[in-house]
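S.K.: sequence plus the predicted model coming up.
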Amino acid sequence: NAGVMQNPRHLVRRRGQEARLRCSPMKGHSHVYWYRQLPEEGLKFMVYLQKENIIDESGMPKERFSAEFPKEGPSILRIQQVVRGDSAAYFCASSQGQGDGYTFGSGTRLTVV
Amino acid sequence: SQQGEEDPQALSIQEGENATMNCSYKTSINNLQWYRQNSGRGLVHLILIRSNEREKHSGRLRVTLDTSKKSSSLLITASRAADTASYFCATELIQGAQKLVFGQGTRLTINP
């Protein structure tokens, strides 16, 4: 039973390019969360999705960032026109529902050069 | 401001000693969870304690929750070098959509 799968593990983008981060939740989990972590800091909530629905995007910047969790396939976090400040580790987590522990993926480390 | 704040920010102890980390939060919660993160890696779920529970054990881990003080502690007994990591508390809030709010973490170093 594979855990939460994130890819790529490392992503390098030049300023102005687009970054696409993918997350496949654990089997049986329908809740997906994206978090961002800067070096030496805790995780900051970005967005919470269920299949085909964005439940809470209060932590996601209004511009350039978008997320989806389609009926089929992984959840995608998309960052358009990346800037150096977007460099961070992006973690995806999934759960079965409220009150359950979350399972985290290994993260995607985005470097903008 | 942070929902969860860990104390201390960094802790260094000798192998075999006990390590205690504390977490305080501000608003009412459904549950509080502790996670471990090794350098450059993802987070590993350690233990979940619900708002109606006061203490929970898992192996060498002991977690307490005091909802009146809005605080929790994580105790690691008989520490090992492999316990060296960052430890985060995260709260699932009652109000609003379900999500975890993380503190800044405690960096624990176990010296052999």
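M.R.: Thanks, I have it.

S.K.: quickly list what A:Tyr108 is bridged to.
M.R.: Actually, residue A:108 is Thr rather than Tyr. A:Tyr90 (DSSP bridges).

S.K.: contacts only, for it.
M.R.: Neighbouring residues of A:Thr108 by C-beta atoms under 8 Å, 6 or more residues apart in numbering or on different chains: A:Gln6, A:Asn7, A:Pro8, A:Arg9, A:His10, A:Leu11, A:Leu21, A:Ala89, A:Tyr90. Just so you know, the C-beta spots here come from the backbone N, C-alpha and C atoms, and that holds for glycine as well.

S.K.: tally of neighbours for the first one?
M.R.: Taking other C-beta atoms under 10 Å in any protein chain shown as the criterion, the count of residues near A:Gln6 is 24.

S.K.: that one against A:Cys23, yeah?
M.R.: Yes. With contact defined as C-beta atoms under 8 Å, A:Gln6 counts as touching A:Cys23 (5.2 Å).

S.K.: which residues do those two both contact?
M.R.: What both A:Gln6 and A:Cys23 touch, as defined by C-beta under 8 Å, 6+ apart, is the set A:Cys92, A:Gly105.

S.K.: circling back to that earlier point, could I get the contacts of A:Thr108 as CSV with secondary structure and pLDDT?
M.R.: Converted to CSV, the contacts of A:Thr108 look like this (DSSP: H, G, I helix; E, B strand; the rest coil; pLDDT from 0 to 100):
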residue, secondary structure, pLDDT
A:Gln6, strand, 96
A:Asn7, strand, 96
A:Pro8, coil, 97
A:Arg9, coil, 95
A:His10, strand, 96
A:Leu11, strand, 98
A:Leu21, strand, 98
A:Ala89, strand, 96
A:Tyr90, strand, 97
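
S.K.: what's the closest of those residues to A:Met60?
M.R.: A:Tyr90 (11.3 Å; C-beta to C-beta).

S.K.: burial count for the closest residue to chain B within chain A?
M.R.: The nearest approach of chain A to chain B comes at A:Asp56, 3.8 Å away (C-beta to the nearest C-beta). When counting by other C-beta under 10 Å, one arrives at 16 neighbours for A:Asp56.
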